[in-house]
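Novice: sequence-free structure coming up:
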């Protein structure tokens with residue numbers, strides 16, 4: 001997910017470019033302001049924690065982009081591209097290390113496992129909203 005702070009700062013193209021440049025395949029994407037119902041499902045494991053109310057307010061504060069990426073070890077690859085959750089601790093060269101400001105305003109969200117990804121994808125996407133297609137072989141690409 002590209003969070004509201006990244007959308008507001010017009011970083012969407014740069015973030016998507018990084019995932020694509022790594023070779024991941026985009027199979028689903030939508031732009032929306034997350035409703036309270038969706039946010040509660042997404043962050044259910046954090047309910048009752050001291051940061052929950054702020055997290056909920058932030059994720060519902062503006063448009064975000066939900067995406068589904070495929071590729072070999074896609075979960076681990078995206079998490080590495082994103083960098084540490086705390087942007088101030090994220091390595092330079094990662095999305096959060098290069099553009100992040102704080103722990104909460106950290107631009108992107110990535111699932112932490114295949115199981116979590118399946119649960120989160122089901123929150124935001126109906127089965128017919130994900131696309132199965134072949135990638136070109138790349139012989140025509142110019143570096």
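Specialist: It's in. What you see is a predicted model, and the numbers here were worked out from it, not measured in a lab. Residues are numbered from 1 along each chain as shown.

Novice: Just the endpoints, please. Distance across stretch 42-55?
Specialist: 11 Å (Cα to Cα, to the nearest Å).

Novice: wait, what's in contact with residue 96?
Specialist: Residues near residue 96 by Cβ atoms under 8 Å, 6 or more residues apart in numbering: 82-85, 87, 90, 106-108. C-betas here are computed from N, CA, C, even on glycine.

Novice: Please apply the same query to residue 43.
Specialist: Residues in contact with residue 43 (Cβ under 8 Å, 6+ apart) are 52, 55-56, 59.

Novice: Which of these fall within helices?
Specialist: Among those, the residues falling in helices (DSSP state H) are 52, 55-56, 59.

Novice: give me the number of residues near residue 100?
Specialist: By the measure other Cβ atoms under 10 Å, the count of residues near residue 100 is 26.

Novice: cool, and residue 41?
Specialist: Neighbour count for residue 41, taken as other Cβ under 10 Å: 15.

Novice: Can you tell me how far it is from residue 57?
Specialist: Distance, residue 41 to residue 57, by Cβ to Cβ, to the nearest Å: 16 Å.

Novice: so what's residue 51 closest to, chain neighbours aside?
Specialist: Excluding its sequence neighbours, the residue lying closest to residue 51 (Cβ to Cβ, 6 or more residues apart in numbering) is residue 104, at 7.6 Å.
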